[in-house]
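>>> Using only what follows, build the 3D model:
(one chain, ligands or ions: 1)
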Amino acid sequence: MSLERIALARARGAIDRVDDSLLVLLSVRRRIVRAVATLKQRAGAPTRDHGRERQMHLRASRLAARIDVPLDTAAQLLDLVIREGCRQQGVVIDGGVDAGQLDLHQGGESISSATIHGTMTLDTLTSNLVPRLLRILPPPGRVAPMLRVLPRDWQRRLLETAVSSVLAAPLEDGSLDFMRDRRLGIDVRDLRLRWVFVLRNGKLCVTNEEPDALVSGSATNLLLLAGRLEDADTLFFQRALVLTGDTELGLTARNLLERLPWDRVPLGIRIVLNRGARLARAARAAHRGELA
Ligand SMILES: O=C(O)C(=O)C[C@]1(C(=O)O)C=C[C@@H](O)C=C1
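Reported below is the predicted structural model:
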C-alpha cells in the first residue's frame, strides 16, 4: 500500500473516532435533557423555551466564528440537537404537533405529575435526582472513544506533567531511583488505554516500550487508588487491581505510593483526584442501581 493510502486510512480512522465522540456526546445530551425535562415539569416551566433557544444559537454562533466553523453549519447543528431535545419532550417541531407529554419513561422509569406536584418532599426529590443525574455521566467504556480523540502526544504531555508534579518529592529525594530505566505500565482496562512510565535523566517519561511490570484495573479503581479513597492492599486483594510481570518492581512502586507525602502533592491535584474518585465511585454505584 502506498504511503498516501496508509495516511488516508489513518485520517479516516481519526474521522471515525471524532464521529463516535459526537454520538457519545449526543447520548450524554439526551440524558441531560431528560433531567431538564423532569426539573422543568417540577418547576412548572413550559416545555419549549424560545428565549433559551435564541440564547443557545447566539452562543454557538460566537463560538463557531472563533473556531472557524461556518455559521450556517453551526446553526443547523444546533437546530438538529434542539429538535431532538424537543422530540424527547413530546414536542415535534417540524410536524407542528405538540403532544405535550414528557418522555420520562426511558429505562422503565416513569414519574407521574401527581407524584411530582403532590407528595414529593425535598428529601425524596434530591434522593431520586442524585442517582438520575449521576447516571447522566457515561460509563468509562463510553468515554473511551472521546479520550482516544486526544492526540497521543497531548495525552503523553498531560500525564508526564501530572505524574511529575504528584511525584515531585520522591523524584527530588531519589526514592524513585528504583524506576531508573525500568518500565512500569498502567493499563486502564475499561478505557482501553495503557501508559508505560520510565525514569530517564531524572525525569519520568511516557515510553512506547513494553513494560517490565504492569498494573491493570478499571478507571474507577485506579482513580480510587490515586485519590487515596482506597488502599492498594485492599484493591489488589479484591483483584480490582492486578499486577503482572516483575512483581518486585510493582510492589516497590506500590510501597512508594503508600509512603508518598500527600501534603506535598499540589493542592489542586489532590482536590481533582479526590473529587474525581468520589464522583467516579458514586457514578459507578448509580449505574449499578445501588443508589436508586
Ligand atoms: O433547556 C431546556 O429547557 C430544554 O428543554 C432543552 C432544549 C434543548 O434541547 O437544548 C429543548 C427545548 C427547549 O426549547 C430548549 C432547549
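>>> List the neighbours of stretch 229-244 that are in contact with it.
Applying CB atoms under 8 Å, 6 or more residues apart in numbering, the external contacts of stretch 229-244 come out as 213-218, 221-222, 224-225, 250-251, 254, 257-258, 274, 277-278, 281. Backbone N, C-alpha and C define where each C-beta goes, glycine included.
>>> Put the buried members of those into a ChimeraX selection.
Command for ChimeraX, covering only those of the contacts of stretch 229-244 found buried under the criterion 16 or more other CB atoms under 10 Å:
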select :213,214,215,216,217,218,221,222,224,225,250,254,257,277,281
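>>> Distance from the chain centre to the longest helix along the chain, please.
Longest helix in the chain by number of residues (criterion: DSSP state H): helix 3-43. Between the centre of helix 3-43 and the centre of its chain there are 13 Å (CA atoms, centre = their mean, to the nearest Å).
>>> next SSE after that helix?
helix 50-66 (DSSP states H and E).
>>> Dump the helix or strand just after that next one to CSV, keeping only the CA atoms.
Stepping forward along the backbone from helix 50-66, the first helix or strand reached (DSSP H and E) is helix 71-88. Listed in CSV are the C-alpha atoms of helix 71-88, where the atom choice follows Å, rounded to 0.1, in the frame of the first residue of the first chain:
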residue,chain,number,x,y,z
LEU,A,71,-22.1,29.9,10.9
ASP,A,72,-24.9,28.2,8.9
THR,A,73,-23.4,24.8,9.8
ALA,A,74,-23.3,25.7,13.5
ALA,A,75,-26.9,26.9,13.3
GLN,A,76,-28.0,23.7,11.6
LEU,A,77,-26.3,21.5,14.2
LEU,A,78,-27.9,23.4,17.0
ASP,A,79,-31.3,23.1,15.2
LEU,A,80,-30.8,19.4,15.0
VAL,A,81,-30.0,18.8,18.6
ILE,A,82,-32.7,21.2,19.9
ARG,A,83,-35.2,19.4,17.7
GLU,A,84,-34.1,16.2,19.3
GLY,A,85,-34.4,17.8,22.7
CYS,A,86,-37.9,18.9,21.9
ARG,A,87,-38.9,15.5,20.5
GLN,A,88,-37.7,13.8,23.7
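>>> Buried ones in helix 71-88, by neighbour count?
Quick answer for helix 71-88 (16+ other CB under 10 Å): 74, 78, 81-82, 85-88.
>>> other SSEs contacting that helix?
Other helices and strands packing on helix 71-88, by 3 or more CB pairs under 8 Å, 6 or more residues apart in numbering; DSSP states H and E, are helix 3-43, helix 50-66.
>>> about what we covered before: quick check, the longest helix of the chain touching the ligand?
Yes - under the criterion of CB under 6 Å from any ligand atom, the ligand is reached by helix 3-43 at 33, 36, 40.
>>> Same question for stretch 50-68.
Yes - remark: stretch 50-68 sits within contact range of the ligand at 52-53, by CB under 6 Å from any ligand atom.
>>> Give me the contacts around that stretch.
Residues outside stretch 50-68 that contact it (CB under 8 Å, 6+ apart): 69-71, 73-75, 77-78, 82.
>>> From Leu193, how far out is the residue nearest to the spatial centre of the chain?
Per CA atoms, centre = their mean, the C-alpha nearest to the average position across the chain is that of Val143, at 5.4 Å. Between Val143 and Leu193 the computed distance is 10 Å (CB to CB, to the nearest Å).
>>> what does Arg156 give?
Arg156 sits 11 Å away from Leu193, taking CB to CB as the criterion.
>>> ok, now Ser175?
Using CB to CB, one obtains 27 Å as the distance from Ser175 to Leu193.
>>> what's the answer for Ala60, then?
The value you get for Ala60 to Leu193, if CB to CB is used, is 31 Å.
>>> ditto for Ala162
In this structure, Ala162 and Leu193 are separated by 14 Å, where distance is defined by CB to CB.
>>> Now the residue nearest to Lys203 when sequence neighbours are not counted: which helix or strand?
Computed as CB to CB, 6 or more residues apart in numbering, the closest residue to Lys203 that is not its neighbour in sequence is Ser164, at 7.0 Å. Using DSSP H and E, the element containing Ser164 is helix 152-166.
>>> What mean pLDDT does that helix get?
This predicted structure assigns helix 152-166 an average pLDDT of 86.
>>> Buried ones in it, by neighbour count?
For helix 152-166, the buried set under the neighbour-count rule, 16+ other CB under 10 Å, comprises 156, 159-160, 163, 166.
>>> what does stretch 268-281 give?
In stretch 268-281, the ones that count as buried by 16+ other CB under 10 Å are 270, 273, 276-277, 280-281.
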